[in-house]
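Asker: Okay, sequence plus prediction incoming.
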Amino acid sequence: DAKTTQPTSMDCAEGRAANLPCNHSTISGNEYVYWYRQIHSQGPQYIIHGLKNNETNEMASLIITEDRKSSTLILPHATLRDTAVYYCIVRSGGYQLIWGAGTKLIIKP
Amino acid sequence: GAVVSQHPSWVICKSGTSVKIECRSLDFQATTMFWYRQFPKQSLMLMATSNEGSKATYEQGVEKDKFLINHASLTLSTLTVTSAHPEDSSFYICSATMGLAFYEQYFGPGTRLTVT
């Protein structure tokens, strides 16, 4: 599975859009990009996933570049409850998830 | 949505004793369950994968005789930490999947184990 690179931490003002980047330059054609988040001392929560088209759900939007080497998770109106560690994972199949260090997102009032 | 519970949410035990952690899928049948361990300020590390009715598959470096996993039904998997030591203190998280789609892996709230 392709490796991902994410910034260690980011800050965002409450009410603004939070844009979390992820690099996956070695991604192959059949690998999906998944995003999960983990609020402190809780289990991870699925956010969104995509292959090559941009995706949107009630939680977030996922923008994948045309060459698929990077993606951005967008939380359109961040709230204090969005403070968490966000994980970008690339996976082709099976159920195992390989977790990187993720990005610690801090939403500031 | 699919809910996974864990019990207990936290436990403190003495060194040398054994601790059992339960993972239940409350409103769906889980064909596969996963057990993760997470040390403070670190990412999740997969410990083992279990399928109902069969032996668990352990990741490299995880002692199967120390971390006993039983997946006796489609809604329950247990992790027993045998002869626990302080270095086993960690956050243990389970997840479960119905097997329909890869992203449908639902996580429990985690169990904080402290061994004194």
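Answerer: Arrived safely.
Asker: Residue of chain A nearest chain B, please.
Answerer: Among all residues of chain A, residue A:43 sits closest to chain B, at 3.5 Å; criterion: C-beta to the nearest C-beta. For the C-beta atoms, the positions are set from N, CA and C on the backbone; glycine is no exception.
Asker: ok, that residue - how many residues close by?
Answerer: 22 (other C-beta atoms under 10 Å in any protein chain shown).
Asker: is it fair to say it lies in a strand?
Answerer: No - assigned with DSSP: H, G, I helix; E, B strand; the rest coil, residue A:43 falls outside any strand and is coil.
Asker: quick one: is the helix or strand harbouring residue B:70 near chain A?
Answerer: Assigned by DSSP states H and E, residue B:70 belongs to strand B:67-73. No - judged by C-beta under 8 Å from any C-beta of the partner chain, strand B:67-73 and chain A are separated, with a smallest distance of 13.9 Å.
Asker: same thing with stretch B:24-33?
Answerer: Yes - residues of stretch B:24-33 are located near chain A by C-beta under 8 Å from any C-beta, namely residue B:32.
Asker: Can you get me a residue count around whichever residue of chain B sits closest to chain A?
Answerer: Of all residues in chain B, residue B:107 sits closest to chain A, at 3.5 Å by C-beta to the nearest C-beta. Using other C-beta under 10 Å, residue B:107 has 23 other residues around it.
Asker: Contact partners for it?
Answerer: By C-beta atoms under 8 Å, 6 or more residues apart in numbering or on different chains, the contact list for residue B:107 reads A:43-45, B:4, B:93-95.
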